[in-house]
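3D model of this:
(one chain, ligands or ions: 1)
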Amino acid sequence: MSEKYVEMYKSLGMNIEKHNILLDALGQFYSSIYLTQKSRPKKMDYFDFVVSEIHGLRIKELNDLRAQGKKVVGAFCVYAPEEIAYAAEASMVGLCGGADFSVPDAEAILPRSLCPLIKSFYGFKLNGTCPYFESSDLVVGETTCDGKKKVYELLNDLIPTYVLEIPHKPDTQQGKEFWFKELEAFKAKIEQLTGNKITAEKLKDSIELINNKRKALQRLSDLRANSPSPISGLDALLIYQISFNDDPKRFTAKVNELCDELEERVRNGVGVADKDATRLLVSGCPMAIPNWKLHSIVQATGATIVAEESCVGTRLFSDLVEPKGDSIDDLLWALVEKYSKIPCACFTPNDRRIKSIQSLAKQFKADGIIYYTLQNCHDYNVESVKVDRAMKAQDLPMLKIETDYTMGDAPQIQTRVEAFLEIIQGKKQA
Ligand code: BJ8
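Numbering: from 1, shown residues only. The predicted model follows:
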């Protein structure tokens, strides 16, 4: 793929040599983890193709749009309202880093004791190996956690960076009014960037576009509640990851085609594991592509991950935007209501998240929960205390894993997961 697109990479100012190393490593990693899975749905073909062209065809598509005068907006958080970008005929792509590859470059500047997701994305901008960064006309950060907030200041020296201020008490009237004003300002910024006026009609259409994507992801997620699950945790995670970068309309159609096949599988009792395989809910920090570490370790034990309470999981799609009127203000208020429901650990208090984990555990018939936190993510790390208490009250075993993007601790994580599965088995037999 790299050869085919080398002129495009040059025009984007990328570091071709380093990018080749990244692509080789990614290709091997993907083949060994994904293409060796058994009993994969046929319709995963499309998503394999997307991965094979993730730095190729999709980047070409985005740059073809740019050549027609359209804009690309990069984002790092599910709080960045895609609907506003699409209403101005811009595209939005995810820029969160999920690879250790770029972390050493970031550590030349940033403190080592920072969340790997932040170091990863900042390193990708520094080393010029992420074509999504290099294709973005604007990046949108947000004041969720302190690490991100401060790194956006540095990022702004490298690429125009607009920061959305997120109210940390989103359920209060004050918080909602504040968020409404932030959305109005963001809308103005996007109109200025694109030169396109966002009308109520266009915003309504983009709300429908993104709602349809969320509905397809909900459909996929709900199918995983079946026993056996018709799709592996790795494959579902991959689809959630791809949702941040693919064209939303095409992606929605492909997820729905896959769901048709999964429904057929459910009717025929076809799954990816034994009916009595241990079912696990993963909850915590988002896993940006290509972070497949925990899922691949768990899957190798024979257990099935049936849901992710994560921003690359249920937090991404569990609520729709539901306008109560047709004016721009009505539509922006509907965005306020929807986005305020995303239970990020940066909020306080964040009881909605605890309730969501409890209800997901029931819906997906989880035998246990793996609480996943990235090193130096204080929000998710500290919030694990409350989640642990809530899981104990529900008599649901929980294992907390704190890790980074390196593979050095993979054997240790595997041992801990195996011991956890034994505890669950013992509990089932008691
Ligand atoms: S809404 S979870 S996508 S901020 S970067 S908080 S891992 S220390 S990503 Fe997130 Fe939006 Fe919240 Fe979701 Fe921790 Fe790292 Fe910060 Fe992170």
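
going by C-alpha atoms from here, please, whenever you check contacts or count neighbours.
Noted.

quick one, what contacts H295?
233-234, 305 (Cα atoms under 8 Å, 6 or more residues apart in numbering).

may I ask which of these has the most neighbours?
Counting by other Cα atoms under 10 Å, I305 has the largest number of neighbours within the contacts of H295, with 30 neighbours.

the strand or helix carrying that residue: what's the following helix or strand?
Under the criterion of DSSP states H and E, I305 resides in strand 304-309. Using DSSP H and E, the next helix or strand after strand 304-309 towards the C-terminus is helix 314-317.

the very next helix or strand once past that next one near the ligand at all?
Sequence-wise, the next helix or strand downstream of helix 314-317 (DSSP H and E) is helix 328-340. No - Helix 328-340 stays out of contact with the ligand when judged by Cα under 6 Å from any ligand atom, the minimum separation being 9.2 Å.

extract the C-alpha trace of helix 328-340 and format it as PDB.
Output of helix 328-340 as PDB, limited to C-alpha atoms (Å, rounded to 0.1, in the frame of the first residue of the first chain):
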ATOM      1  CA  ILE A 328     -31.200  25.700  15.200                       C
ATOM      2  CA  ASP A 329     -31.600  26.300  19.000                       C
ATOM      3  CA  ASP A 330     -33.800  23.200  19.400                       C
ATOM      4  CA  LEU A 331     -31.200  21.100  17.500                       C
ATOM      5  CA  LEU A 332     -28.300  22.500  19.500                       C
ATOM      6  CA  TRP A 333     -30.200  21.800  22.700                       C
ATOM      7  CA  ALA A 334     -30.800  18.200  21.600                       C
ATOM      8  CA  LEU A 335     -27.000  17.900  21.100                       C
ATOM      9  CA  VAL A 336     -26.500  19.300  24.600                       C
ATOM     10  CA  GLU A 337     -28.900  16.700  26.100                       C
ATOM     11  CA  LYS A 338     -27.200  13.800  24.200                       C
ATOM     12  CA  TYR A 339     -23.600  14.700  24.900                       C
ATOM     13  CA  SER A 340     -24.300  15.500  28.500                       C
END
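
and it, what's buried?
328, 331-340 (16 or more other Cα atoms under 10 Å).

pull out the buried positions in the longest helix seen in the chain.
Longest helix of the chain, by residue count under DSSP state H: helix 200-223. Residues of helix 200-223 classed as buried under the neighbour-count rule (16+ other Cα under 10 Å) are 200, 202-204, 206-223.

likewise stretch 49-68?
Applying 16+ other Cα under 10 Å to stretch 49-68 flags 50-52, 54-60, 62-63, 65-66 as buried.

mark which of those residues are part of strands, please.
Using DSSP state E to define strands, no part of the buried residues of stretch 49-68 is located there.

output these in a markdown table, with distance to P411 and pLDDT appended to each entry.
Output for the buried residues of stretch 49-68, formatted as a markdown table (distance: Cα to Cα, whole Å; pLDDT from 0 to 100):
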| residue | distance to P411 | pLDDT |
| --- | --- | --- |
| V50 | 30 | 98 |
| V51 | 27 | 98 |
| S52 | 28 | 96 |
| I54 | 29 | 96 |
| H55 | 31 | 97 |
| G56 | 34 | 97 |
| L57 | 36 | 97 |
| R58 | 35 | 98 |
| I59 | 36 | 98 |
| K60 | 39 | 98 |
| L62 | 39 | 98 |
| N63 | 41 | 98 |
| L65 | 45 | 98 |
| R66 | 45 | 98 |
